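# Model the following, please.
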Amino acid sequence: MTRLGFVFNLDTCSDLRGCMVSCKDKTHAFLGAHYIESMTNISLDYPKPNTYFVPVLCNHCDNPTCLVACPHDVFTKRTDGIVAVGDTSVCKSCDTKPCVEACPYGRIFLDPKDGRIGKCDMCADLVDEGKVPACAARCITRSILFGDFDDPSSVVAQTIAAWGEVGYVHQLKPETGNGPAVYYLLSKKQWEDMDNLYSPAWQNEQ
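Numbers count the residues shown, from 1 in each chain. Purely as a prediction, here's the structure:
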């Protein structure tokens, strides 16, 4: 089996936003949509503020609630784990856009101009060519790892195994049961999940 996904090292992420720029350049996402977004955890506890940066994107879940919620089969779960995006022209006729609400990470975006949705597809076309997603390729601090979690020799599997032994591996909203394929490493700060995340980027109102 293959289960592709990401590991983000938050100890080294410096909010340089190369991931966001490369994603925009690759996907041409509509204005106000950030398929990957560097968010800031802000917890101002004096004298040691618990501030760190968290890139948030589609988690390509094992049990994607967006796929179940969509009445038009726009999403598909590939055998390699990628939650792919199909024909979004049908989104125009969907009044409620239930997929947007179904994503626990808020990573499905709605274009107010034409009613289509958009999200990270893990640069599936690049992956099919044997390349890594644009965000991982362009991260200046090398804080983004990409690979197959089902391959014990892969860098992501070995990293999770090593960091997991000391309790520094985290996921967003694991209680949902979605089974995200995105992991975060954090040892220098206290992990707070999505409780205190702040976005400085401009967003469309949905």
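# can we go C-alpha only for contacts and neighbour counts from here?
Noted.
# Need the per-residue pLDDT for the residue most central in space within the chain.
Nearest to the mean C-alpha position of the chain, by Cα atoms, centre = their mean, lies Leu57 at 2.0 Å. Note for Leu57: predicted pLDDT of 98.
# can you check the one 3 residues further on too?
For His60, the pLDDT comes out at 98.
# from what I can see it touches Thr79, true?
No: contact criterion Cα atoms under 8 Å: His60 and Thr79 do not qualify, at 11.7 Å.
# Across the sheet, point out what pairs with the residue nearest to the centre of the chain.
When bridges are called by DSSP bridges, Leu57 pairs up with Ile36.
# Against Asp150, how distant is it?
For Leu57, the distance to Asp150 (Cα to Cα, to the nearest Å) stands at 21 Å.
# Which residue of His60 and Thr79 possesses the greater neighbour count?
His60 (25 against 11; other Cα atoms under 10 Å).
# which residues touch stretch 146-159?
Contacts with stretch 146-159, where a contact means Cα atoms under 8 Å, 6 or more residues apart in numbering, come from 1-7, 132-133, 136, 145.
# So how do I select the buried members of these in ChimeraX?
Those of the contacts of stretch 146-159 that count as buried under 16 or more other Cα atoms under 10 Å are selected in ChimeraX with:
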select :3,4,5,6,7,132,133,136,145
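# Now compare the contacts of stretch 146-159 and name the two farthest from each other.
Met1 and Ala136 (22.4 Å; Cα to Cα).
# On the three-state scheme, Val54 is what?
strand (DSSP: H, G, I helix; E, B strand; the rest coil).
# just checking, it touches Thr40?
Yes: counting by Cα under 8 Å, Val54 does reach Thr40; the two are 6.1 Å apart.
# Show me which of the two is the more surrounded one.
Ranked by neighbour count (other Cα under 10 Å), Val54 and Thr40 place Val54 first, with 23 against 18.
# if I look at that one, how far off is Arg107?
The gap separating Val54 from Arg107 is 13 Å, by Cα to Cα.
# Overlap of the contact sets of His60 and Thr79?
Common neighbours of His60 and Thr79 (Cα under 8 Å, 6+ apart) do not exist.
# got any ranges where this protein has weak pLDDT?
Within the chain, the segments meeting pLDDT under 70 span 205-206.
# who's in contact with the residue located most distally from the centre of it?
No residue in the chain sits farther from the centre than Pro47, which is 31.2 Å out by Cα atoms, centre = their mean. Contact analysis of Pro47 by Cα under 8 Å, 6+ apart lists nothing.
# now the residue nearest to Lys92 when sequence neighbours are not counted: how far from Thr88?
In this structure, Lys92 finds its nearest non-sequential neighbour in Gly115, 4.8 Å apart by Cα to Cα, 6 or more residues apart in numbering. Per Cα to Cα, Gly115 is found 9 Å from Thr88.
# What segments of the chain are strands?
For the chain, the strands defined by DSSP state E occupy 4-9, 36-41, 52-57, 75-77, 83-85, 109-110, 117-118, 144-148, 169-170, 182-185, 197-198.
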